[in-house]
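> Return a 3D structure for these sequence lines:
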Amino acid sequence: MRKKGYTLLELIIVLVLLAILSVAATVKMVNFDSIRLSSAASKLAADIAYAQQLAVTTQMPHGVSFVTGTNSYYSVIDHNSNAVEDPANRGSDLIVNYSSIPDLKDVDITGASTTPVWFDWQGTPSSNVTVTLGCGTETPKTITITADTGKVIW
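Model prediction:
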């Protein structure tokens with residue numbers, strides 16, 4: 001007479017399938033807008049610091065210029081308002097258009113001055129600057145450059 005029930009192998013297969021389904025459900029619940037926004041803010045803060053560093057090392061003004069709205073972008077510029085070379089991609093200008101970066105395509109610069117922020121030879125910005133980044137329904141991130149110290153806060 002055979003006992004009714006499941007074999008150990010059948011139970012393990014069911015547990016593995018449940019684990020796979022739970023992982024798939026968890027991935028769908030992750031808010032990728034938050035990750036995109038943090039990545040964009042981190043890149044922008046690093047590029048602002050790079051413009052500041054260029055101003056100090058070359059003893060010439062350098063800045064960051066912003067274009068807001070959909071298809072927004074920013075560029076790191078030299079004293080002649082020309083885009084500087086991208087240190088990570090030699091031969092290309094340091095112009096960041098979020099819509100052309102697949103992982104950041106939903107990020108927009110929603111608030112920034114239309115006048116570039118300039119850093120003098122000491123790395124001091126021309127004024128207090130606030131840049132706001134938005135992505136979907138996520139709470140916007142704000143990057144602030146303080147005029148007195150040039151500190152970039154985000």
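> Do a quick rundown of the strands in the protein.
For the chain, the strands defined by DSSP state E cover 62-67, 73-77, 95-97, 107-111, 117-119, 129-135, 138-145, 152-153.
> Relative to V84, which of these is closest?
Among those, the nearest to V84 by C-beta to C-beta is strand 73-77 (5.0 Å). Just so you know, the C-beta spots here come from the backbone N, C-alpha and C atoms, and that holds for glycine as well.
> Using PDB, write out every CA atom in the closest one.
In PDB, the C-alpha atoms belonging to strand 73-77 read as follows (Å, rounded to 0.1, in the frame of the first residue of the first chain):
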ATOM      1  CA  TYR A  73      21.100  69.200 -20.500                       C
ATOM      2  CA  TYR A  74      24.100  70.900 -18.900                       C
ATOM      3  CA  SER A  75      27.600  71.500 -20.100                       C
ATOM      4  CA  VAL A  76      30.900  72.300 -18.400                       C
ATOM      5  CA  ILE A  77      32.300  75.300 -20.100                       C
END
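> now for it, which elements pack on it?
helix 32-58, strand 62-67, strand 95-97 (3 or more C-beta pairs under 8 Å, 6 or more residues apart in numbering; DSSP states H and E).
> and the second one, what's its mean pLDDT?
Looking back up the chat, that one is strand 62-67. In this model, strand 62-67 has an average pLDDT of 89.
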